[in-house]
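Novice: Below is the structure, and that's it, no one-letter string:
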C-alpha cells in the first residue's frame, strides 16, 4: 500500500495529450494569480479570491513546504508547449488505510468548457487507482455547481446523495452533492 510520504517524495509528472501535470513552483505565481483572483473561479471553493500577488505567493509557498514535508498531492495544470499554468488538481483527504481520497480541482475560467478538467482528472484517477492503490475516489461538489457535476459524471462518477451542511464555504454551511467512482467502475470504462 502506497503512502503519502512515498508518493509525495516523488510526485510524478503526468502527461495528457494537451497538458502536463507537475509540481508547482514560485515561477507559477503570476499565472495562478491571473485565475485565482477572479471571484468566478473561487465561487464554489472554500478559499477566497486572491487579492494580491502576495496572496498567491503565500499559497504556492505553503504548497511547496507541504511537498517538502511529503504532505501534498497537488499538480499544476500546464498547457503543453506554452509554459502556462491554468489550474491545479489534487488528491485531498487521502486515507491510505481506507484506500480512498477526494478529487479537487481549480481551472482558469478562460479554459472552461474545453474538456481540460476531464482530461487531467482522467490522468489523476489512473494514477490514483494504479500507483496509489485507491479503491474509491470521491468528489464533494456544491449543489449549484452544475458544471463541476457534469465534469465528474463524464469521468464515470456516480452521485451517492447529499451531505447536508457538510462544509463551510465563504462563511456559510453548504450542502454538497457527493460523487464517487470505484476502482472496479473505473476499470470497466477503460
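Specialist: Looks like it arrived, so ask away. Keep in mind that what you see is a predicted model, and the values were worked out from it rather than measured. Numbering: from 1, shown residues only.
Novice: Just give me the neighbour total for residue 25.
Specialist: Residue 25 has 13 neighbouring residues, counting by other C-beta atoms under 10 Å. For every residue, glycine as well, the C-beta is placed using N, CA and C.
Novice: Now it. Its backbone dihedrals?
Specialist: As for residue 25, its main-chain torsions (degrees, to the nearest 10) stand at phi -130, psi 170.
Novice: tell me the pLDDT at it?
Specialist: Looking at residue 25, its pLDDT is 95.
Novice: start the count at 137, not 1, going forward
Specialist: Okay, using 137 as the starting number, the last item reads as residue 161.
Novice: Can you pull the poorly scored residue ranges out of the chain?
Specialist: Across the chain, the ranges flagged by pLDDT under 70 are 137-145, 326.
Novice: Contacts for stretch 235-248, please.
Specialist: The set of residues external to stretch 235-248 that reach it, using C-beta atoms under 8 Å, 6 or more residues apart in numbering, is 137, 170-172, 174, 176-178, 181, 209, 213, 222-231, 252-253, 256-257, 260-261, 264, 268-276, 283, 288.
Novice: Only the buried members of those residues: can you turn that into a PyMOL selection?
Specialist: In PyMOL syntax, the buried subset of these is picked out as below (16 or more other C-beta atoms under 10 Å):
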select buried, resi 170+171+172+177+178+181+209+213+222+223+224+225+226+227+230+252+253+256+257+260+261+264+268+270+272+273+274+275+276+288
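Novice: Might you specify the subset of the contacts of stretch 235-248 located within strands?
Specialist: Counting by DSSP state E, the contacts of stretch 235-248 place 213, 222-231, 272-276 in strands.
Novice: quick one: which of these is nearest to residue 166?
Specialist: For the ones in strands among the contacts of stretch 235-248, the closest approach to residue 166 (C-beta to C-beta) belongs to residue 222, at 12.4 Å.
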